[in-house]
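Undergrad: Need a 3D model of the following:
(one chain, ligands or ions: 1)
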Amino acid sequence: MALTILLNGAHGRMGQAIASAAPQMGITVGAATDLGDDVAAAARSVDVLVDFSSPQATKGLLEAAAAAGKPVVIGTTGHAPGEKAELLRLAAQIPCVWAGNFSVGVNLLFALTGRAAQALGEDFDAEVVEMHHRMKKDAPSGTAERLLEIILEARGLERGALRHGRQGIAGPRARGEVGVHSLRGGDVVGDHTVVFAGSGERLELTHRASDRAVFAHGALRAAQWVAGQKPGVYDMQDVLGLA
Ligand code: NAD
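TA: Residues are numbered from 1 along each chain as shown. Below is the predicted model:
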């Protein structure tokens, strides 16, 4: 039977991209909600809730999904690290795919970054550079955050190793530091580069998204997948079978 979704953040850029991609994938947007709408009431009449809105909406959306017994797909980014831990506990009670990036290419970039960070070791300085359109609210992007987590994990480093941007005379680069830089401008959909710079050589892994449809297709694929899962928090690696 065709899947019916609730789309939260329906008036936004991603909301519109998902609404236009849904029919090609045999998915119906049964409820389109945005600021001020009652998600809890609308949740009862759909199969899966899909959220691309703002971090403030996530708690209410997860509570509505749990109350209605419906799986969710969360694409919203920009949650504070402390806040996210609490939300993940709530999300674990229902089948939930939570991903900072739904593109297939970026999910391969995640795997390649982990491999490179391990293989190259700390003699290669790691930096993440991202660029997005001028309207993006959070920085660094959710994708950059995930890339940073992967590098920290691979190298056994804590979040204290992160260096957001650089200014003034800060002295030479500290060994083990992981830099992150956010560029904003124009209509850039999403670019991410991970740089591993050693002595005499440099490796750069770059992904560029040029159409929001890639995130929309990934999110809808996640909605189809999560409809048949047990409660738990999954990411796009699980959906794509890369985990
Ligand atoms: P946008 O600003 O164009 O749209 C957001 C929409 O959400 C707006 O219509 C706004 O009115 C609505 N909204 C805000 N607060 C709300 C609330 N409390 N309840 C319901 N609706 C609310 O933003 P966008 O570019 O569509 O991005 C939306 C989110 O998705 C951002 O967090 C962005 O970083 C994220 N995003 C994720 C991916 C991914 O692959 N995971 C890809 C692109 C964007």
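Undergrad: What helix or strand is D187 located in?
TA: Using DSSP states H and E, D187 sits within no helix or strand.
Undergrad: Contact partners for the residue in the chain positioned nearest to the ligand?
TA: Closest to the ligand within the chain is G12: 1.9 Å, counting by C-beta to the nearest ligand atom. From N, CA and C alone the C-beta is placed, and that goes for glycine too. Taking C-beta atoms under 8 Å, 6 or more residues apart in numbering as the criterion, G12 is in contact with D34, F52, S53.
Undergrad: Can you give me the distance of it to S103?
TA: Counting by C-beta to C-beta, to the nearest Å, the separation of G12 from S103 is 18 Å.
Undergrad: Determine how far the last residue of stretch 15-32 lies from the first.
TA: End-to-end distance for stretch 15-32: 9 Å, by C-alpha to C-alpha, to the nearest Å.
Undergrad: no no, stretch 182-194
TA: First-to-last distance for stretch 182-194 - C-alpha to C-alpha - comes to 12 Å.
Undergrad: Repeat that for stretch 201-216.
TA: Distance across stretch 201-216, first residue to last, is 37 Å (C-alpha to C-alpha).
Undergrad: M14: which element?
TA: Here M14, judged by DSSP H and E, is contained in helix 13-21.
Undergrad: Domain map for the chain?
TA: For the chain, the structural domains run 3-102+212-239, 104-209, going by automatic domain parsing.
Undergrad: May I see those domains organised as JSON lines, with mean pLDDT added?
TA: Shown next, in JSON lines, are the domains of the chain (pLDDT from 0 to 100):
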{"stretch": "domain 3-102+212-239", "mean pLDDT": "96"}
{"stretch": "domain 104-209", "mean pLDDT": "95"}
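Undergrad: so who does the residue sitting nearest the centre point of the chain touch?
TA: Against the mean C-alpha coordinate of the chain, by C-alpha atoms, centre = their mean, the closest residue is G100 at 0.4 Å. Listed by C-beta under 8 Å, 6+ apart, the contact partners of G100 are G75, T77, S141, G142, T143, E145, R146.
Undergrad: I5 versus the closest residue in space to it that isn't next to it in sequence, what's the distance?
TA: Counting by C-beta to C-beta, 6 or more residues apart in numbering, G142 is the residue found nearest to G100 once chain neighbours are left out, at 2.9 Å. Plainly put, G142 is 21 Å away from I5 if you go by C-beta to C-beta.
Undergrad: more crowded one of those two?
TA: Set side by side, G142 and I5 show more neighbours around I5, with 27 against 19, by other C-beta atoms under 10 Å.
Undergrad: Could you say which helix or strand holds the more buried one?
TA: Judged by DSSP H and E, I5 forms part of strand 3-8.
Undergrad: From the chain's centroid, how far away is the lengthiest helix in the chain?
TA: The single longest helix within the chain, with elements called by DSSP state H, is helix 104-120. Put simply, helix 104-120 sits 15 Å off its chain's centre (C-alpha atoms, centre = their mean, to the nearest Å).
Undergrad: Next, the angle from the helix or strand that that helix is followed by to helix 104-120.
TA: Next along the chain after helix 104-120, taking DSSP H and E as the criterion, comes strand 125-132. Angle of strand 125-132 versus helix 104-120, following axes from the mean of the first three to the mean of the last three C-alpha atoms, to 10 degrees, is 170 degrees.
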